[in-house]
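> just the structure for this:
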Amino acid sequence: MGVIIKDPDILGGTSVFRGTRVPIQTLFDYLEAGETLEEFLLGFPTVSREAAVAALEEAKHLLLARPEMRILIDECIDERLRNSLTGHD
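Numbering: from 1, shown residues only. Here you go, the predicted model:
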């Protein structure tokens, strides 16, 4: 079970840390402003260090995930396009 939830009954469906009303965006706002994770945790004691780190890991995974798309191309493909697709299945 993830540490991030979206529930329409909690802050109108804003993404929050599970078991809290602390928006995930608040963590990113703190870090963007140059604050440390420790400062965020002091300001929001209902968020555990493990939950904050897990949220950051999840965001990292989403940002670095290589989207996979499959396209079936038949024999009528233009040769220039076919040559630009080397290294793909």
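> give me the low-pLDDT residue ranges for the chain?
86-89 (pLDDT under 70).
> which residues in it form helices?
For the chain, the helices defined by DSSP state H cover 24-32, 37-43, 49-64, 79-84.
> and those helices, which is most packed in?
Mean neighbours per residue, mean count of other C-beta atoms under 10 Å, is largest over those for helix 24-32, with a mean of 16. (Glycine included, C-beta is placed from N, CA and C.)
> now the angle from that one to helix 49-64?
80 degrees (axes from the mean of the first three to the mean of the last three C-alpha atoms, to 10 degrees).
> want to throw the helices of the chain into JSON lines with distance to residue 15?
Listed next are the helices of the chain as JSON lines, based on distance: least, C-beta to C-beta, whole Å:
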{"stretch": "helix 24-32", "distance to residue 15": "5"}
{"stretch": "helix 37-43", "distance to residue 15": "16"}
{"stretch": "helix 49-64", "distance to residue 15": "9"}
{"stretch": "helix 79-84", "distance to residue 15": "38"}
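> which ones are touching the residue most central in space within the chain?
Nearest to the geometric centre of the chain sits residue 59, at 2.9 Å (C-alpha atoms, centre = their mean). By C-beta atoms under 8 Å, 6 or more residues apart in numbering, residue 59 lies in contact with residue 28.
> from here on, count from 842
Sure, I'll start numbering at 842, so the last one becomes residue 900.
> give me the distance between residue 859 and residue 918.
47 Å (C-beta to C-beta, to the nearest Å).
> more neighbours: which of the two?
residue 859 (14 against 11; other C-beta atoms under 10 Å).
> tell me who's in contact with that one.
By C-beta under 8 Å, 6+ apart, the neighbours of residue 859 are 842-846, 892.
> then residue 873?
Contacts of residue 873 (C-beta under 8 Å, 6+ apart): none.
> distance of it relative to residue 845?
Distance from residue 873 to residue 845, by C-beta to C-beta: 18 Å.
> re earlier: what's the closest of the helices of the chain to residue 911?
Nearest to residue 911 among these is helix 920-925; the distance by C-beta to C-beta comes to 16.0 Å.
> check the offset of the closest one from the chain's centre.
Chain-centre distance of helix 920-925: 34 Å, with C-alpha atoms, centre = their mean, to the nearest Å.
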